[in-house]
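Colleague: Predicted model, plus sequence, below.
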Amino acid sequence: MQLFYSPDIKENSNSFSFSKEESKHIVKVLRKSIGDQLHITNGQGWLFIAEIDFISNNKCTAQIISKEKQPERNYKLHVAVAPTKMNDRYEWFLEKATEIGIDTITPIICDHSERKIIKPERFERILQSAMKQSLNCHLPKLNNAISFKDFISNDFNGQLFIAHCEETDKKSLKAELHPKTDITILIGPEGDFSTKEIKLALANNFIPVTLGKTRLRTETAAIVACHSVAFVNEK
């Protein structure tokens, strides 16, 4: 099954018109014709099955013949991750986290961050592509980049964790995780969180955790955190 994405399609839609670019892809690459069925999602959990009723080199329209709501997970995962020095590493994290399961991603700018500017348009395309590839109908929300200080002052629900490398008393993330509970996890930059940032997180009820015995890259740590949450919720 190939999944198409359009945020414009609504729950009560009866027909749909693909963009010029997607129409060309359907006609010239996929070689679809009138009567063929396509699967579409709006990224909000809905899967639509549509039947092509008009096709040309630049335009393709379809009638929606059925729809279903993909079940939501019984928890919400929010991972706040500092941008990596190399963009491709952050993009790898976005892709894999979407495949594993994540709800919200916030790039946080920290004291030791080497990259403080991101390209949200490209990141959004990575998320959309990963959602379609994994046949997931829920598109993760990508927040705007925000400073660590501003982020930590927000109100949060559920369990709160900060993963860092300082030699202080920390708990195992896997041991602390509760199933069916909303979770927010902070992952720092290559140079780790500063001592000041760690203290600020602890003052705001974040629990310091370790992700294992080895030192992990930022993007690896974020993926380990996502997988740990998914694994706990498989029970």
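Modeller: Good, I have the coordinates.
Colleague: Run a quick neighbour tally on residue 187.
Modeller: 28 (other CB atoms under 10 Å). Any C-beta I mention is one placed from the backbone N, CA and C, and that applies to glycine too.
Colleague: er, residue 12 actually
Modeller: Neighbour count for residue 12, taken as other CB under 10 Å: 7.
Colleague: ok, now the one 10 residues further on?
Modeller: As a burial measure, the neighbour count of residue 22 was computed by other CB under 10 Å and equals 17.
Colleague: Am I right that it sits in a helix?
Modeller: Yes: looking at residue 22 with DSSP: H, G, I helix; E, B strand; the rest coil, it is inside a helix.
Colleague: My read is that it contacts residue 60, right?
Modeller: Yes: judged on CB atoms under 8 Å, residue 22 makes contact with residue 60 at a distance of 7.2 Å.
Colleague: Dump the C-alpha coordinates for stretch 147-163 into PDB.
Modeller: Below are the C-alpha coordinates for stretch 147-163, written out as PDB (Å, rounded to 0.1, in the frame of the first residue of the first chain):
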ATOM      1  CA  SER A 147      15.300  28.400  24.200                       C
ATOM      2  CA  PHE A 148      15.800  25.800  26.900                       C
ATOM      3  CA  LYS A 149      14.800  28.500  29.500                       C
ATOM      4  CA  ASP A 150      11.600  29.400  27.800                       C
ATOM      5  CA  PHE A 151      10.700  25.700  27.100                       C
ATOM      6  CA  ILE A 152      11.200  24.600  30.700                       C
ATOM      7  CA  SER A 153       8.800  27.300  32.000                       C
ATOM      8  CA  ASN A 154       5.800  25.700  30.200                       C
ATOM      9  CA  ASP A 155       3.200  23.600  31.900                       C
ATOM     10  CA  PHE A 156       3.600  19.800  31.300                       C
ATOM     11  CA  ASN A 157       1.400  16.800  31.900                       C
ATOM     12  CA  GLY A 158       2.600  13.300  32.900                       C
ATOM     13  CA  GLN A 159       6.100  12.100  33.600                       C
ATOM     14  CA  LEU A 160       9.000  14.500  33.000                       C
ATOM     15  CA  PHE A 161      12.600  13.400  32.300                       C
ATOM     16  CA  ILE A 162      15.900  15.000  31.500                       C
ATOM     17  CA  ALA A 163      18.700  12.700  30.100                       C
END
